[in-house]
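**Student:** Here's my sequence, what's the structure:
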Amino acid sequence: MAQSAVAPPKERYVPNALKFAFGGLAGMAATCVVQPLDLIKTRMQLSGGGRTSFAVAGEIVAREGFVSLYTGLSAGLLRQATYTTTRLGVYNYLFDAYKEKNAGAAPGFGTKTLLGVAAGSIGAFVGTPAEVALIRMTADGRLPKEQRRNYKNVADALIRIVREEGVLKLWRGAMPTVGRAMVVNAAQLSTYSQAREMFVGYVPDGIMLHFCASMISGLITTIASMPVDIIKTRIQNAAKGQSQLTVVTTLLKNEGVLSLWKGFLPYYARLGPHTVLTFIFLEQMNSAYFRLT
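**Tutor:** The predicted model follows:
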């Protein structure tokens, strides 16, 4: 009697709702660690001087106190709850949908890049209001006292922006924000997936594998995304009435093309660990789900 063939075990998937929830929670946890670096990065991008990140950090602590390094944390958490929840959830959903339609075959690097672009653009549009609040809150301390907005928290920032400037101002700089997100996610998500596949077999599976893949992803993403990030930051912090084109042309005329990579060290110091921590937290949540179900 012929022995019946045993079907291979079906690959397990995290439910779609949890993909979104895990993505947001991972981003929020990482933000709690790197928020001071985000603040320093924003201040350097808005500054016309050639100061180092250490000088900027020292000035912030001396003038505003150590706790001020966490200014804008509520906006940063809301940004992760909206932007990261959406982008990682959409990317993982599209990634798994592709595998289902292609007999379990993972997408190639080009397809991963396109999936990252789609996920990033959707997430960026959803997260732009929190992004605007975050930029303004982290930039406030560098202004003279009479010019500061003094938002109490992210809710106060959003309400005042709507009341004082109109609801559409919540999406100020949406185009460069979406552009940045497309670059970031095309680089970050695709290179992380690709690096993870390349390291399998050479690096033990687990946190070390996630760390190595994340560091490569963070470096490539930093180089690719800094110009659009700086333009986005300048536009979102611009005074009322300044056009986006004026902001960009003034930046290039007064500070030069290389200013588009101003603050590279704090940007990578923020994006690198944030990428590492986000993916590590995300992978651990996925692993915990599979262990417990």
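**Student:** Please name the residues that touch the spatially most central residue of the chain.
**Tutor:** Nearest to the mean C-alpha position of the chain, by C-alpha atoms, centre = their mean, lies Thr84 at 6.8 Å. If you count contacts by C-beta atoms under 8 Å, 6 or more residues apart in numbering, Thr84 has them with 23-24, 26-28, 123, 127, 278. Yep, even glycine has a C-beta here, placed from its N, CA and C like the rest.
**Student:** any low-confidence regions in the chain?
**Tutor:** By pLDDT under 70, the weakly predicted segments of the chain are 1-12, 48-50, 239-241.
**Student:** what residues are up against the residue nearest to Ala195 when sequence neighbours are not counted?
**Tutor:** Among residues not flanking Ala195 along the chain, Ala213 sits closest, at 4.0 Å (C-beta to C-beta, 6 or more residues apart in numbering). Ala213 makes contacts with 192, 195-196, 199, 279, as judged by C-beta under 8 Å, 6+ apart.
**Student:** make it 10 Å
**Tutor:** Ala213 makes contact with 191-200, 203, 275-276, 279-280, 283, according to C-beta atoms under 10 Å, 6 or more residues apart in numbering.
**Student:** just Cys212 next, same as before
**Tutor:** So Cys212 contacts 195-196, 198-199, 202-203, 276 (C-beta under 10 Å, 6+ apart).
**Student:** Relative to Asp205, how far out is it?
**Tutor:** Plainly put, Cys212 is 11 Å away from Asp205 if you go by C-beta to C-beta, to the nearest Å.
**Student:** Quick check: neighbours shared by these two?
**Tutor:** By C-beta under 10 Å, 6+ apart, the residues touching both Cys212 and Asp205 are 196, 199.
**Student:** Pull the residues that contact stretch 242-251.
**Tutor:** Applying C-beta under 10 Å, 6+ apart, the external contacts of stretch 242-251 come out as 45, 48, 172-173, 175-176, 230-239, 257, 259-260, 262.
**Student:** Only the buried residues of that stretch, if you could.
**Tutor:** The neighbour-count check on stretch 242-251 (16 or more other C-beta atoms under 10 Å) flags 244, 247, 251 as buried.
**Student:** For the stretch 151-293 of the chain, just list every one of the helices.
**Tutor:** Secondary structure of the stretch 151-293 of the chain (DSSP state H, counting those that start in this stretch): helices located at 154-165, 174-199, 207-237, 244-255, 264-292.
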